[in-house]
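# model the structure of this input:
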Amino acid sequence: MADPRTIAYDDLESLAGQEVGVSDWHVIDQDRVNMFAEATGDHQWIHVDVERATKELGSPIAHGFLTLSLLPMLGSEVLRVSGTTRGINYGSDKVRFTNMVPVGSKVRLRQKCLSVEPKAGGKQMKMEATVEIEGQDRPALVAESITVLYG
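Have a look, this model is predicted:
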């Protein structure tokens, strides 16, 4: 794993408007898809019926919400903020699943900091999160993720 970019809490505002970085590639395998299906109760055949999905779609595809759920893990490979006491996932805006992720694909996160603003005694960071699929022009998803960090 490549070292994530590190920035001090007091310097977060300097990231606004900048691309922050890119994570490593991660394979989305059938085991991960099956575990997500078990955790969420979403057992739709396009995700978990390997034989049918391969016949009708070329391969099973990952759940869109599985891809979205990878943002914290992938984000930790992109940016570390020193001098924080905690961070809270505040939510997401404009989440769009723009391409299917076939099982066996590799994905990575590209992040851009859209804004850093004061919020509830901390700093709210809004990041543009783009999950790219290796070899594909269209990303798997584009979202604005929002985190509140406290120093």
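# every contact and neighbour count from this point should use C-alpha atoms.
OK.
# hmm, who's touching stretch 84-97?
9, 64, 140-151 (Cα atoms under 8 Å, 6 or more residues apart in numbering).
# mind checking the pLDDT average for it?
For stretch 84-97, the mean per-residue pLDDT is 95.
# ok, stretch 111-131 next?
97.
# ditto for stretch 15-24
Per-region confidence: stretch 15-24 scores 97 on mean pLDDT.
# next, the buried residues of that stretch.
15-16, 20-24 (16 or more other Cα atoms under 10 Å).
# what about it, how long is it end to end?
Distance between the two ends of stretch 15-24: 21 Å, counting by Cα to Cα, to the nearest Å.
# okay, now the closest residue to Ile61 other than its chain neighbours: neighbour count?
Among residues not flanking Ile61 along the chain, Pro102 sits closest, at 4.3 Å (Cα to Cα, 6 or more residues apart in numbering). Using other Cα atoms under 10 Å, Pro102 is surrounded by 23 other residues.
# repeat that for Asp3.
12.
# the lengthiest helix in the chain - what's its average pLDDT?
Longest helix in the chain, counting residues (DSSP state H): helix 30-40. Mean pLDDT, computed over helix 30-40, is 98.
# before we move on, what about stretch 67-74?
Here the average pLDDT along stretch 67-74 is 96.
# the chain should start at 46 in everything you say after this.
New numbering, starting at 46: the last item is stretch 112-119.
# which positions within that stretch qualify as buried?
Using 16+ other Cα under 10 Å as the test for burial, stretch 112-119 gives 112-113, 116, 119.
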